[in-house]
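**Student:** When you get a sec, could you give me coordinates for this:
(one chain, ligands or ions: 1)
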Amino acid sequence: MSQLTVGKDVLSYCTKCKLNLGHTIVAMKDSKHIAKVKCNTCNTIQSFKDPSQSSKQNKTRTKKTSSAPSKVVSVSDLWMEKMSNTKKKSTPYAMDGKFTEGDIIDHVKFGPGIVEKVVDDKIEVIFRHEIKTLVHNKQ
Ligand SMILES: [Zn+2]
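**Tutor:** Purely as a prediction, here's the structure:
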């Protein structure tokens with residue numbers, strides 16, 4: 001068995017990502033027991049959760065609950081992510097403007113938003129607090 005020390009990578013259950021993921025040991029209880037780990041994915045420091053132990057419980061349970069896609073991403077998280085991943089300049093929103101997916105618009109009431117989808121003369125826009133469908137390309 002490989003030695004466990006601070007700085008080593010281990011597999012642990014991340015309570016935030018809700019997955020067994022690679023974690024870095026940040027603290028040891030003793031030479032064989034890990035106290036705290038840091039998720040390599042979300043950087044959350046948490047108690048070590050041995051994935052081989054937690055999976056024992058649902059081993060025999062093949063219950064197929066329609067595992068609703070674990071989308072715990074809120075609109076503002078989505079907005080933040082989209083906004084930080086774009087280099088586009090925002091354009092003031094106007095009904096007669098024509099927008100395409102990924103465009104950043106500036107809405108007088110809702111503020112900056114990113115165009116998620118375009119369906120004919122409608123656009124679905126992610127704003128800071130809500131997703132709105134707006135009209136565009138109005139002749
Ligand atoms: Zn995580």
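**Student:** When you work out contacts or count neighbours from here on, use the C-alpha atoms and nothing else.
**Tutor:** Will do.
**Student:** Quick check: buried residues in the lengthiest helix in the chain?
**Tutor:** The longest helix of the chain (DSSP state H) is helix 75-84. Residues of helix 75-84 classed as buried: W79, K82, M83 (neighbour count, 16 or more other Cα atoms under 10 Å).
**Student:** Give me the distance from the helix or strand just after it to the chain's centre.
**Tutor:** For helix 75-84, the succeeding helix or strand toward the C-terminus, using DSSP states H and E, is strand 90-92. Centroid displacement of strand 90-92 relative to its chain, using Cα atoms, centre = their mean, to the nearest Å, is 26 Å.
**Student:** Please enumerate residues in contact with strand 90-92?
**Tutor:** D103, I104, I105, D106, H107, V108, P112 (Cα atoms under 8 Å, 6 or more residues apart in numbering).
**Student:** May I have the predicted confidence score for I25?
**Tutor:** Here, the pLDDT recorded for I25 equals 96.
**Student:** Contacts only, for T133.
**Tutor:** K122, I123, E124, V125.
**Student:** I'd assumed K132 was in contact with the first one.
**Tutor:** Yep, that's K122 we're talking about. No - assessed by Cα atoms under 8 Å, K122 is found out of contact with K132, at 10.0 Å.
**Student:** mind listing the helices for the chain?
**Tutor:** Under DSSP H, the chain gives helices at 51-54, 75-84.
**Student:** Tabulate the CA atom coordinates of the shortest one in CSV.
**Tutor:** Going back to what we said before, that points to helix 51-54. As requested, the backbone C-alpha atoms of helix 51-54 are provided in CSV (Å, rounded to 0.1, in the frame of the first residue of the first chain):
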residue,chain,number,x,y,z
PRO,A,51,-15.4,6.1,-1.9
SER,A,52,-15.1,2.3,-1.3
GLN,A,53,-17.0,2.7,1.9
SER,A,54,-19.8,4.9,0.7
